[in-house]
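Q: Quick check, what structure comes out for this input:
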Amino acid sequence: MPDTRVSPVRGVAAAALTMVLALAGCGSGGDTDASPKGSTTARSGKDAVELPPLHADFDYQIGGAYPPPAGVRVVSRDRAASPAPGLYNVCYVNAFQAQPQERGQWPADLLLRDTRGKVVVDEDWDEALLDIRTPAKRERVAERVGRWIDDCADKGFDAVEPDNYDSYTRSNRLLTADDATAFITLLSAHAHARNLAIGQKNAVELAGVRARTGLDFAVAEECGEYDECGEYAKAFHDRVLVVEYTDSGLRRARSGYGDRLSIVRRDVLVSTPDSADYVRRTR
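A: Residues are numbered from 1 along each chain as shown. All right, here's what the predicted structure looks like:
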C-alpha cells in the first residue's frame, strides 16, 4: 500500500558534524558536481542518467497518487504507485527504516537494537531503524532495498528518493554519519546501474559530501522553514525539490529561492485532493 508518512526535517543541524565532513571532503580533494548546472544528465559508466529539470513545477504525492495539476513537470510518488505519464517521476522508498506494516518482513538481525536487545524505533512514525553498522549488514539491507529500486525502474520512474538518510540522528548514537553515507553510496550505485537518478532526502549536514556518495539532486523538507535551502542549493547546484508544510515555510522558501528551486507547499500527511486535509500551493 502507498506510504502515508513524511519524515519531517528535525531542524537543528549538527554543526560539529558538518565541519568534520567538510574537512573530510577537502582532504579528499573536495566534492564537485557530476554535471554542469544546466545539464540534464549525469554519467554513470556508459549510461546517461536523466536528472530532474531545474526550477520546475513540482508535486509531492507520496501519500497517494492523483492526476497532477496543470503545469506540473516533476512528481514524486510512493514505490507502490505508477509514474505519471509524460512527467519526470521520482520513486519514494523508505530505505533506512522499516514501516510498521513491513517490520515483520525484515530479518530480526537487520533491525537496529540497543545494548539490551530492544529494537530502536523512530517514535514519530513507529518505524524500526535498520542496522547498517557493518559492511555485511549494509550489503544485505541494500540488496532488499535494491529490489524496490529495480521495481521503480521497471515501472518507468526516472529517479529514486530513499527516505530517512538522517535516521542515524535518531539512533541513540548507535549509527553514525559514516554508516549512512556508506549505505547511500551502495544505493546510488544500484540506482545508476538501473539508469535512475538518486536524490538526497533531507540530512542537510551531509549535503557537502554528495559527490562522494553519488547523489544527483535533493528532496528537502522544510528547508525554508529552517533556513536550509541555501545549503542544498549550493551542494546540488539548484537541483532541489523543496516541500514545505507551513505557509511561513513556503513564503521563506519562495522569498529566497522562488526563482531557482522547485518548491511546493503540501499538507503534512501528503493527502489526496479528496481529503479534507489536502493542501497544495506553490504561491
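
Q: phi, psi of R254?
A: The phi/psi pair for R254 (degrees, to the nearest 10) reads phi -70, psi -40.

Q: With T282 as the reference, measure out to it.
A: Using CB to CB, to the nearest Å, one gets 8 Å for the distance from R254 to T282. Every residue, glycine included, has its C-beta placed from N, CA and C.

Q: which of the two has more neighbours?
A: With neighbours defined as other CB atoms under 10 Å, R254 and T282 compare such that R254 has more, 19 against 16.

Q: That one reaches I263, doesn't it?
A: Yes: with contact defined as CB atoms under 8 Å, R254 counts as touching I263 (6.0 Å).

Q: Assign the closest residue to T272 other than its chain neighbours to helix, strand or coil.
A: Spatial nearest neighbour of T272, chain neighbours left out: G64 (4.1 Å); criterion: CB to CB, 6 or more residues apart in numbering. At G64 the chain is in coil, as set by DSSP: H, G, I helix; E, B strand; the rest coil.

Q: about what we covered before: find the residues that touch each one of R254 and I263.
A: Here R254 and I263 have G224 as joint contacts, going by CB atoms under 8 Å, 6 or more residues apart in numbering.

Q: ok so, going back, overlap in contacts, R254 and T282.
A: In terms of CB under 8 Å, 6+ apart, R254 and T282 are both contacted by the residues I263.

Q: all helices for the stretch 1-150 of the chain, in order.
A: Ranges of helices within the stretch 1-150 of the chain are 15-27, 135-155, based on DSSP state H, counting those that start in this stretch.

Q: Check those for me: which has the lowest mean pLDDT.
A: Among these, helix 15-27 has the lowest mean pLDDT, at a mean of 36.

Q: quick one: P69 and R280 touch, right?
A: Yes: contact criterion CB under 8 Å: P69 and R280 qualify, at 7.0 Å.

Q: of those two, who's got more company?
A: A side-by-side neighbour count of P69 and R280, using other CB under 10 Å, places R280 first with 18 against 13.

Q: Longest strand in this structure, please.
A: In terms of residue count, the longest strand belonging to the chain (DSSP state E) is strand 88-94.

Q: Could you count how many residues lie near the residue nearest to T272?
A: G64: 21 surrounding residues under other CB under 10 Å.

Q: Over to R281?
A: Look at R281: counted by other CB under 10 Å, it has 11 neighbours.

Q: which residue ranges form the strands in the stretch 51-200 of the chain?
A: Along the stretch 51-200 of the chain, the stretches classed as strands by DSSP state E, counting those that start in this stretch are 58-61, 74-78, 88-94, 97-98, 121-122, 127-129, 159-163, 197-201.

Q: Can you give the distance from the first one to the centre of its chain?
A: Pointing back at strand 58-61 there. The chain centroid and the centroid of strand 58-61 are separated by 13 Å, computed with CA atoms, centre = their mean, to the nearest Å.
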